[in-house]
Each structure stands twice: as structure tokens, then as C-alpha cells.
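K.L.:
Fold the following, please.
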Amino acid sequence: NFPCVLFAGCELTATTKSYTFQVDEEDDSDHILALSVVCLTDGAKDECNVVEVVGRNHENQEIAVPVANLKLSCQPLLSLDNFKLQPPVTFRLAAGSGPVHLAGWHQILHREDISFEEDDDDFSEEDELPPIMPAKK
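P.N.:
So this is what the prediction gives:
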């Protein structure tokens with residue numbers, strides 16, 4: 001049982017070109033943001049709308065990766081099959097004027113204290129168990 005909270009989403013437009021999803025830095029839980037769908041909404045023009053995910057690499061340098069290129073006449077919606085990201089993450093409208101709506105879910109994996117019987121020889125109190133991640137479909 002992993003708590004899962006719906007990520008109501010965000011909308012990117014010509015005036016609001018980016019949205020950052022972040023969690024409390026003092027929270028010791030693990031967070032996963034899964035992006036399910038990116039779609040053009042009412043008022044979109046027939047132009048290319050490119051949505052990027054902006055994050056940090058292992059050297060803490062900003063990297064931007066395009067995840068969707070939507071156009072009203074040929075591809076107004078894209079399913080991203082729960083594309084998993086680790087917050088903080090920024091979604092940016094790199095081209096086009098939108099509006100583009102992003103939706104998905106936010107999973108919280110709580111790190112719980114694990115205690116064992118004193119006579120259990122297999123584990124010691126110093127052992128740390130890695131969090132269990134859900135299997136990929």
C-alpha cells in the first residue's frame with residue numbers, strides 16, 4: 001500500500017510558460033511524479049506546442065528534455081504512460097502558445113522504521129533496507 005495522490009496537473013500557456021512541482025526538502029519520504037497525459041485544451045491554435053521536462057543531471061547541471069510535440073490538427077493529445085520523474089521537476093512550454101494541460105499522479109513512499117526481534121540473526125538494527133519500488137508494467 002503506497003499512498004498515491006492525484007496530481008491535478010498544470011496548464012502551460014503563452015503567459016505561464018513553466019510550472020515547477022516540488023516537495024518539502026525536509027520531508028524524508030521518497031516522492032515520484034508520474035506524468036500520464038499532455039493535451040491541448042480549449043483555445044489552442046494549430047501550431048506546434050513543445051513541452052519540455054527540466055531537471056538536474058548527476059553533476060547538478062540543468063537539462064531539458066522534450067516530452068511532447070502537440071498540434072491541434074494532427075496530435076492534440078499524448079499519453080505518456082505514467083512517465084516517472086523525481087521532484088523537483090519543471091515543465092516548460094518551449095514552443096507554441098498552448099494552452100497545454102499536463103496531468104498525472106504523485107506517489108509518496110514513506111520510510112518507516114523497521115524493527116526486528118532481538119533474536120533474529122538475519123538482520124541487525126544497523127542494516128538499512130532499500131525502499132521497494134513498484135514493478136514496471
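K.L.:
drop to CA atoms for contacts and neighbour counts, all remaining ones
P.N.:
OK.
K.L.:
Surely L102 and V37 touch.
P.N.:
Yes. The criterion here is Cα atoms under 8 Å, and L102 meets it with V37 at 5.9 Å.
K.L.:
so what's the spatially most central residue of the chain closest to, chain neighbours aside?
P.N.:
In the chain, the C-alpha nearest the mean C-alpha coordinate belongs to L33, at 2.9 Å (Cα atoms, centre = their mean). Counting by Cα to Cα, 6 or more residues apart in numbering, L33 lies nearest to H106, which is 4.6 Å off, once chain neighbours are set aside.
K.L.:
Partner strands of whichever helix or strand the one you found is part of and their direction?
P.N.:
Take DSSP states H and E as the rule and H106 turns out to sit in strand 100-109. Looking at strand 100-109 with DSSP bridges, its partner strands are strand 4-12 (antiparallel), strand 30-40 (antiparallel).
K.L.:
and those as TSV, adding distance to G98 and mean pLDDT?
P.N.:
Below are the strands paired with strand 100-109 laid out as TSV (distance: least, Cα to Cα, whole Å; pLDDT from 0 to 100):
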stretch	distance to G98	mean pLDDT
strand 4-12	6	75
strand 30-40	7	89
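K.L.:
Would you state the predicted confidence (pLDDT) at the closest residue to T90 other than its chain neighbours?
P.N.:
Nearest-residue entry for T90: T20, 4.1 Å, with adjacent residues in sequence omitted and distances by Cα to Cα, 6+ apart. T20 is assigned a predicted lDDT (pLDDT) of 92.
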